[in-house]
Structures are given as C-alpha cells and as structure tokens.
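J.: no sequence on this one, just coordinates:
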Ligand code: SF4
C-alpha cells in the first residue's frame, strides 16, 4: 500500500519571500525524506502545476494588503485543516506592515501606490483575518522552529 502523505500548500502574500528561499534550501537537505511524506499540492516556487483542493496544511508567508489577498487567504483557510504562519510578516505583520505606522506626510507619499494596487488602509497579519494554528516566527523564518512544526504536523496527521 502506498504511504500516506501530508497534503500541503505553500503560499506567499506581501513580503520578500526569504522564508520561501529558506524552505527551498531545506529541500536540498530533506528532499529524499520529504518526497515520501509530502504531497505538495500547491507551491508556485517549486512547480508549474498547482491545485488548491483539500489540504492538510497550508504554510502561508507574508502580510495581507488587499481585499484580493484577504479573499484568497480565506479560501485557503476553508480548504486547509491546519494553517501555519511562516515568518514575521505573516505572524506579526511586520516588517511588511511598516506603512501602518507612517505619519501623515509619509502616508501621503505612498498614497498613489496604495490606490494603484487597491491596498486596504492597513496591512494585516494572518491572524487578523483567519485562524492560525501554528506560528513560525523569524525574519526570515527560524529553520529549527519550522522543522519542529513540520515534524509535529507529520506526527499529528499520522504520516510518521
Ligand atoms: S518575515 Fe522577513 S524574511 Fe519573511 S517575508 Fe517578511 S521581511 Fe521577508
């Protein structure tokens, strides 16, 4: 019988994607082991064919800046049993959400961009919009915390 795999997605919103780079670097060391345990349903950085169907775990990086992003993250939440916030921007909003603290002069300077990209008045962390099950802090994410979280989820879903 084929081994059961953890159905995962890796998603990125407003951020610099450094935690995605950390994840791809971890694949260098863990690919042989993870390919037997992970069914990567959605990860645009890794593959061109992606589906957003029923996921066990969604890993989400970045802050949320627009209604489009908020709607997208709500859809991911609906389709995922667990959501992991990846990196400081997803966990706390910052540093992506620095504009939230801008004084009127600075806010005025970025107003054309905020309007052009149809941004919400404030950038939001994931937990402002959806339920988050696990936080992996760090800028970029802390590798050890990520590995600990992933192993915990693999055990919780009885993959290992
Ligand atoms: S937490 Fe840091 S590394 Fe991660 S996306 Fe935000 S700015 Fe980039």
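T.: Everything's here; your move. Note that the structure is a prediction, hence the values are computed from the model and not measured.

J.: From the contact counts, what lies against the helix or strand where residue 121 lies?
T.: Residue 121 is located in strand 119-124, with elements delineated by DSSP states H and E. Applying 3 or more C-beta pairs under 8 Å, 6 or more residues apart in numbering; DSSP states H and E, we find strand 119-124 packed against strand 64-66, helix 67-78. All C-beta spots, glycine's among them, are computed from the backbone N, C-alpha and C.

J.: which of these is buried the deepest?
T.: Highest mean neighbour count among the helices and strands packed on strand 119-124 (mean count of other C-beta atoms under 10 Å): strand 64-66, with a mean of 23.

J.: tell me what that one is packed against?
T.: In terms of contact count using 3+ C-beta pairs under 8 Å, 6+ apart, strand 64-66 is assigned the packing partners strand 119-124.

J.: right, is the strand it packs on up against the ligand?
T.: No - between strand 119-124 and the ligand, judged by C-beta under 6 Å from any ligand atom, nothing touches; the nearest distance is 11.0 Å.

J.: quick one: contacts for the residue nearest in space to the middle of the chain?
T.: Residue closest to the mean C-alpha point of the chain, counted by C-alpha atoms, centre = their mean, is residue 60 at 1.1 Å. Contact partners of residue 60, counting by C-beta atoms under 8 Å, 6 or more residues apart in numbering, are 11-13, 73, 76, 83-86, 90, 126.

J.: how close does the residue nearest to residue 20 when sequence neighbours are not counted sit to the ligand?
T.: If you skip the residues right next to it in sequence, residue 20 has residue 45 as its closest partner in space, 5.3 Å away by C-beta to C-beta, 6 or more residues apart in numbering. According to C-beta to the nearest ligand atom, to the nearest Å, residue 45 and the ligand sit 13 Å apart.
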